[in-house]
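# Take a look and give me a structure for this.
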Amino acid sequence: MIAMLRCFECARNETVEESVAICIMCGKGLCMGHAHRIDLPIWEGGYPAPVRILKKGLPRFVCSDCGNILLPGSCE
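Numbers count the residues shown, from 1 in each chain. This is a model prediction of the structure:
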């Protein structure tokens, strides 16, 4: 028997869906419908202050709750 990681949000709604991603903030398993891809900004420069933000961000998967904390309005 193969065990699969179930989507946390689907399980909360009493449905079963296989996870395809894990939220980088809280660790919830997420299905295609609940996983949100965001590009986190990458700062270039050193201490004491970053010099600039690079044009291309770092792609990451988050749940709706965490995505809206990191980048408000990004996961609506």
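
# got the residue ranges for the helices in this protein?
8-12, 64-70 (DSSP state H).

# Check which helices and strands the last one sits against.
Which is helix 64-70. Judged by 3 or more Cβ pairs under 8 Å, 6 or more residues apart in numbering; DSSP states H and E, helix 64-70 is in contact with strand 36-40. C-beta here means a position set from N, CA and C on the backbone, and glycine is covered the same way.

# Grab the nearest non-local neighbour of the residue positioned nearest the centre of the chain.
For the chain, Val62 is the residue whose C-alpha lies nearest the centre (Cα atoms, centre = their mean; 1.3 Å). Spatial nearest neighbour of Val62, excluding adjacent residues (Cβ to Cβ, 6 or more residues apart in numbering): Cys23 at 5.0 Å.

# Now stretch 63-76 - C-alpha only, CSV.
What follows is stretch 63-76, C-alpha atoms only, in CSV (Å, rounded to 0.1, in the frame of the first residue of the first chain):
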residue,chain,number,x,y,z
CYS,A,63,-1.1,28.2,1.1
SER,A,64,-3.6,31.0,0.9
ASP,A,65,-3.2,32.0,4.5
CYS,A,66,0.6,32.2,4.4
GLY,A,67,0.7,33.8,0.9
ASN,A,68,-1.4,36.7,2.0
ILE,A,69,0.9,37.2,5.0
LEU,A,70,4.0,37.2,2.8
LEU,A,71,2.5,39.3,-0.1
PRO,A,72,-0.9,40.7,0.8
GLY,A,73,-3.5,40.1,-1.9
SER,A,74,-1.4,37.6,-3.8
CYS,A,75,-3.6,34.5,-3.0
GLU,A,76,-7.1,35.6,-3.5
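
# Residues in contact with it: which ones?
The contact list for stretch 63-76 (Cβ atoms under 8 Å, 6 or more residues apart in numbering) reads 8-9, 23-26, 28, 30, 34-36, 38, 40, 62.

# swap the cut-off to 6 Å and go again
Cys23, Met25, Cys26, Lys28, Leu30, His36, Ile38 (Cβ atoms under 6 Å, 6 or more residues apart in numbering).
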